[in-house]
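Peer 1: Everything below, folded, please.
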Amino acid sequence: MKKIDAHVHVFGILKGFRGEGELYPLGNGKARWANGQEVDMVPEGLGDKSFETEACYQFLKEKGIEKAVLLQGSFYGIDNEYTAEAVRRHPDMFVGAGSFDPFARYADQIYDRLAHELGFKVMKFEVSSGGGFMSYHPTFDIAEVFSPIAAKCAENGQVLVLDIGSPGMGSFQPESVAKLAKEYPELDIVVCHLFAATLEDAEGERFEYFKKSLGMLALPNVYFDLAAVPFNVWPEAYPYPAGLRFIETAKEIVGAGKLMWGTDLPSVLFQSTYEELSGYIAEGGVFTEEELEQVFYKNADKVYFR
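Peer 2: Numbering: from 1, shown residues only. This is a model prediction of the structure:
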């Protein structure tokens, strides 16, 4: 079965920045945030202080992946030039997303350059309180801040990708995403990580809120990627039953035609093999064969590679 990995990261050097401060690469796949926290970032064999374009390309080719979407964020660091160059090198494989801080003084100029000079067809914003803009800016209204950007994306035929974090975070604002989607019905919006739901969200009132939030975004122009669903239900092991429950619920509420498989490569490989990250869906019994073709390929192809 053909596959598009709808959520991948490449970077020439680790240079993240979020609530923990700046990220310093230590080598051997490890890095340290400014607050002293050390983290594993790049699995062995994929890079030392980077996950470079060619390493990613070869890895995906060896895994039989047809295409991939290169997204950016605060965790690894934003590098628009590097991402644009990756797309230029392998236009058959990659589509890339531009990104920037919407509070930057020259945000309008940055947007215009990313869209018109670097040619990004996608704009992705890591808004999450856990590690995105709201981890180092005060909590803000997503609809208010991103409406001008959404208007430009709609005008230029781009896709808008938002990581709004997990239920309970200040950044978790499905109602604001719904407002944007209704204000710009011609704009395709992708919400990352299926809300980054955790084991705590799998039962009781929190599960009901997860379902309610999906219902808010059961809209014609809103899609979800399934990247890092297994990571977010850690320490649950393969085949990630809570993760499958979230995915099955999403299918029931928004439909298989709104879900895209993705992995969040590379750091997720510390917890799962690449084969497990697709196998739990392929063998999970949630989707029919026709729906699997949508989730693994057709939905992302329609949204990102048009």
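Peer 1: where in the protein is pLDDT low?
Peer 2: Filtered on pLDDT under 70, the chain yields no residues whatsoever.
Peer 1: Spatially central residue for it, please.
Peer 2: residue 192 (4.2 Å; Cα atoms, centre = their mean).
Peer 1: can you tell me which strand in the chain is longest?
Peer 2: Assignment by DSSP state E gives strand 21-27 as the longest strand of the chain.
Peer 1: Need the three-state assignment for the nearest residue to residue 251 once chain neighbours are set aside.
Peer 2: Excluding the flanking residues, the one nearest residue 251 by Cβ to Cβ, 6 or more residues apart in numbering is residue 286, at 6.2 Å. (Glycine included, C-beta is placed from N, CA and C.) Counting by DSSP: H, G, I helix; E, B strand; the rest coil, the backbone at residue 286 sits in coil.
Peer 1: Check residue 231 too.
Peer 2: Residue 231 ends up helix, using three-state DSSP.
Peer 1: wait, isn't it in contact with residue 264?
Peer 2: Yes. Counting by Cβ atoms under 8 Å, residue 231 sits close enough to residue 264 to count as a contact (6.7 Å).
Peer 1: Mind checking which of the two has more residues around it?
Peer 2: Counted by other Cβ atoms under 10 Å, residue 231 and residue 264 do not tie: residue 264 has more neighbours, with 26 against 21.
Peer 1: Would you agree the more buried one is in contact with residue 5?
Peer 2: No. With contacts counted by Cβ under 8 Å, residue 264 stays clear of residue 5, the gap being 9.2 Å.
Peer 1: Residue 207 should be in a helix, yeah?
Peer 2: Yes. Under three-state DSSP, residue 207 sits within a helix.
Peer 1: Counting by contacts, list what the helix or strand following the longest strand of the chain packs against.
Peer 2: Counting by DSSP states H and E, the element after strand 21-27 in chain order, helix or strand, is strand 30-33. Other elements packing on strand 30-33 under the criterion 3 or more Cβ pairs under 8 Å, 6 or more residues apart in numbering; DSSP states H and E are strand 21-27, strand 38-40.
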